[in-house]
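In: Can you look at this prediction? I've put the sequence above it.
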Amino acid sequence: MAGLANVIYSTFMRKNTVLLTTAFAGAFAFELAFDITSNKVWDSWNQGRQWKDIKHRYMVKEEDDE
Amino acid sequence: MDQPMTGPVIPIASESSGSNFNFRLHPPSILTSLSTTRGSIPPVVNCPHNVALLRFQHPAAHRRSAAAPHHPRRRHLLPAAEGSCRCEVSPFASANEAGSTLKIPDFSKYKSKNSPRSNQVFSYFMAGSLGLATAVGAKATVQDFLVNMSASADVLAQAKVEIALGAIPEGKNVIIKWRGKPVFIRHRTQAEIQEARESKWEGLRDPQPDEDRVQRPEWLVMLGVCTHLGCVPIGEAGDYGGWFCPCHGSHYDISGRIRKGPAPLNLEVPAYSFPEEETLVIG
């Protein structure tokens, strides 16, 4: 435990610049992951009810008419 | 033991307990003077600063010693070092002494069992995580405001109009609606182009050459709003073969420039482009 703490401390927390950079990079990655995850949850929750799910029923017909 | 706690106190061995020496912190200068005048005081603490002070009293002996390198600036360094002596002796009485009435509660129950480093890592991790969350929240807030200010999808969908030019014969006007306003598109004949180019534009009310008003000479594209009070002029009318505003009698020529009447400016030319040969996109 103490060894791991030492490694974490010397890697990320020894310099304030490194800590800040890690925080901002983590914020970027967290936002990306959060957005992707929430979009997936939303899509699976509304499966078959969104326009992109039923689009093929209408768009294919239109192409057939032309 | 029962000495008052005020001011620097000369180190004196407590006479009651005899074996136990109890010292107070004091400026090293007093120590030095004591050790030089009396010379019988036992060494107070194992402090290198005192050693340095003693050496300062005997510069000749110090210079002679080969082990220690000579520092010419030591004389100036010494006063700054005063008070920085890290003595190991506590200035306060110890609870472990025999007969002591001082009772210090046991705080070991509240002490962290982890190593100091892992406690440090925990607090820095919490600070960093809160910074991360704050950064995400601030970015989302700013983005929401900016998105709110930008144009919505239905506005963007109406922002551009595409026209097939093949359907407009030469010498004909077409009026289309763009962003709620009429737009005149005229397919000009060669005679009209020549007329628009050869007229003396320098003396007009809003002087502008025909080359600045059209991208291709055969296609004239203008906003169909009179620059006077906003009526829609009538095409192929007026004294100059262009447009005539029925509201207050403004005459525009075949390039859309104001020639006669109250209007102050030429008909406005919107931003447009020809992505293909026979296609016009306004906006």
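Out: Structure received. Residues are numbered from 1 along each chain as shown, chains lettered A, B, ... in the order given.
In: which parts of the stretch 1-150 of chain B sit against chain A?
Out: B:114-115, B:117-118, B:120-121, B:124-125, B:127-129, B:131-133, B:135-136, B:139-140 (CB under 8 Å from any CB of the partner chain). C-betas here are computed from N, CA, C, even on glycine.
In: Just the ones of these in strands?
Out: Helix and strand membership here follows DSSP state E; of the residues of the stretch 1-150 of chain B next to chain A, not one is in strands.
In: Looking at those, which are in helices?
Out: Counting by DSSP state H, the part of the residues of the stretch 1-150 of chain B next to chain A found in helices is B:117-118, B:120-121, B:124-125, B:127-129, B:131-133, B:135-136, B:139-140.
In: What number of residues are in the vicinity of B:Cys247?
Out: If you count neighbours by other CB atoms under 10 Å in any protein chain shown, B:Cys247 ends up with 15.
In: typed the wrong thing, it's B:Gly171
Out: Neighbour tally, B:Gly171, other CB under 10 Å: 12.
In: List the residues that contact it.
Out: The contact partners of B:Gly171, taken as CB atoms under 8 Å, 6 or more residues apart in numbering or on different chains, are B:His187, B:Arg188, B:Thr189, B:Glu192.
In: From chain A, how far off is the last one?
Out: Per CB to the nearest CB, to the nearest Å, B:Glu192 is found 38 Å from chain A.
In: Low-confidence ranges, chain B, go.
Out: In the predicted model, chain B carries pLDDT under 70 at residues B:1-88, B:90-91, B:93-97.
In: Tell me the residues of chain A that contact chain B?
Out: Residues of chain A lying near chain B by CB under 8 Å from any CB: A:1-2, A:5-6, A:8-9, A:12-13, A:19-20, A:22-24, A:26-27, A:30-31, A:34.
In: The same query, at a cut-off of 6 Å, please.
Out: Applying CB under 6 Å from any CB of the partner chain, we find that chain A lies next to chain B at A:Ala2, A:Ala5, A:Asn6, A:Ile8, A:Tyr9, A:Met13, A:Leu19, A:Ala23, A:Phe24, A:Gly26, A:Ala27, A:Glu31.
In: B:Val161: which of the residues you listed is nearest?
Out: For those, the residue nearest B:Val161 by CB to CB is A:Glu31; the value is 37.4 Å.
In: Need phi/psi at B:Arg186.
Out: For B:Arg186, the backbone dihedrals (degrees, to the nearest 10) come out as phi -120, psi 130.
In: hang on, I meant B:Leu223
Out: According to degrees, to the nearest 10, B:Leu223 has phi -70, psi 130.
In: got the contact list for the closest residue to chain A within the stretch 151-283 of chain B?
Out: Closest approach between the stretch 151-283 of chain B and chain A, counting by CB to the nearest CB: B:Ala153, at 13.0 Å. By CB atoms under 6 Å, 6 or more residues apart in numbering or on different chains, the contact set of B:Ala153 is empty.
In: From B:Phe145, how far off is it?
Out: 18 Å (CB to CB, to the nearest Å).
In: And for B:Lys160?
Out: From B:Lys160 across to B:Phe145, the span is 26 Å (CB to CB).
In: ranges for the helices of chain B?
Out: Secondary structure of chain B (DSSP H): helices at B:28-37, B:48-57, B:59-64, B:74-80, B:116-149, B:153-158, B:190-198, B:210-213.
In: what's the weakest-modelled helix or strand in chain A?
Out: Here the helix or strand of chain A ranked lowest by mean pLDDT, DSSP states H and E is helix A:51-65, holding a mean of 74.
In: by how many degrees do the lengthiest helix in chain A and helix B:116-149 diverge?
Out: Determined from DSSP H, the single longest helix within chain A is helix A:16-45. Between helix A:16-45 and helix B:116-149, the angle comes out at 60 degrees (axes from the mean of the first three to the mean of the last three CA atoms, to 10 degrees).
In: Who are the packing partners of helix A:16-45?
Out: helix B:116-149 (3 or more CB pairs under 6 Å, 6 or more residues apart in numbering or on different chains; DSSP states H and E).
In: what's the helix it packs on packed up against?
Out: With 3+ CB pairs under 6 Å, 6+ apart as the test, helix B:116-149 has helix A:2-8, helix A:16-45 packed against it.
In: middle-most residue in chain A, spatially?
Out: Chain A has A:Ala33 as the residue nearest its centroid, 2.3 Å off, counting by CA atoms, centre = their mean.
In: picking that back up, for the contacts of B:Gly171, give me a markdown table that also has neighbour count.
Out: Putting those into a markdown table (neighbours: other CB atoms under 10 Å in any protein chain shown) gives the following:
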| residue | neighbour count |
| --- | --- |
| B:His187 | 16 |
| B:Arg188 | 22 |
| B:Thr189 | 14 |
| B:Glu192 | 21 |
